[in-house]
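*Asks:* Sharing a model that was predicted from the sequence below.
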Amino acid sequence: MPVKIRLQRHGKKGKPFYWVVAADSRSKRDGKYLDKIGTYNPNTNPATIDLDLDRAVQWLHNGAQPTDTARAILSYKGALLKHHLDGGVAKGALTQEQADVKLTAWMDEKTGKVDSKKEGLSKVKDDAKATAFKAEQKVNEGRIAAAKQAEADLIAANTPVEEVEETEEVADVAAEVSTEETPVAEATEEAPAADTTEEKEA
């Protein structure tokens, strides 16, 4: 029976979640499987992979063939390296202790790379948040300054207009009073002159 190590899709639409399974190559993708050896979640950054290393290596020893994506996952978690080192131990090329030391060193290096990537991503995310916060602060300060300026302009525009209107009204009243008084004075001045002319003629 040809056995394949492959991914079995779960999750919801647009957010896939996969099981890493050993299954008969003739079975359906999401159908019956022989053994579940891990999970793979591509929705996170970096992707979350949970793999039972010993069971995966055991299936590789038994001749199971991984698909391309499953091979990448097994390589990422060190299953292919452990399978290779176990082959070297079986042939007598190296001891089990040497194989374990090599595997541990590779695991430590891989963990360091993953941690550095996570730190870099978190730093980029924090920098983006800080930049967005500063931009928002600047926009808010601009809005506050514009509101204060508008309020000051409104106050300045209202106060002088009222004073100017009052002074104009006073000037208009004074002009009306002066125009009303001047004809009366002229009339009174002209009346005696007319009387004198009449007396002279008599």
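*Replies:* Okay, I see it. Numbering: from 1, shown residues only.
*Asks:* can we go C-alpha only for contacts and neighbour counts from here?
*Replies:* Fine.
*Asks:* Secondary structure element for the nearest residue to residue 70 once chain neighbours are set aside, which one?
*Replies:* For residue 70, ignoring the flanking residues on the chain, the nearest one in space by CA to CA, 6 or more residues apart in numbering is residue 6 at 5.4 Å. Using DSSP states H and E, residue 6 sits within strand 3-12.
*Asks:* The protein: strands as residue ranges?
*Replies:* Counting by DSSP state E, the chain has strands at residues 3-12, 15-24, 35-41, 48-51, 65-66.
*Asks:* Just give the closest residue to residue 33, not the sequence neighbours.
*Replies:* Nearest-residue entry for residue 33: residue 23, 4.3 Å, with adjacent residues in sequence omitted and distances by CA to CA, 6+ apart.
*Asks:* how far away is the one you found from residue 114?
*Replies:* 30 Å (CA to CA, to the nearest Å).
*Asks:* Settle it for me: which of these two has more neighbours?
*Replies:* When neighbours are counted by other CA atoms under 10 Å, residue 23 and residue 114 differ, and residue 23 comes out ahead with 25 against 13.
*Asks:* So the more buried one sits against residue 37, correct?
*Replies:* No. Counting by CA atoms under 8 Å, residue 23 does not reach residue 37; the two are 10.7 Å apart.
*Asks:* Residue 36 against residue 7, yeah?
*Replies:* No. Between residue 36 and residue 7 there is no contact under CA under 8 Å: 9.8 Å.
*Asks:* Who has more neighbours out of the two?
*Replies:* Under the neighbour definition other CA under 10 Å, residue 36 and residue 7 were set side by side, and residue 7 has more, 23 against 19.
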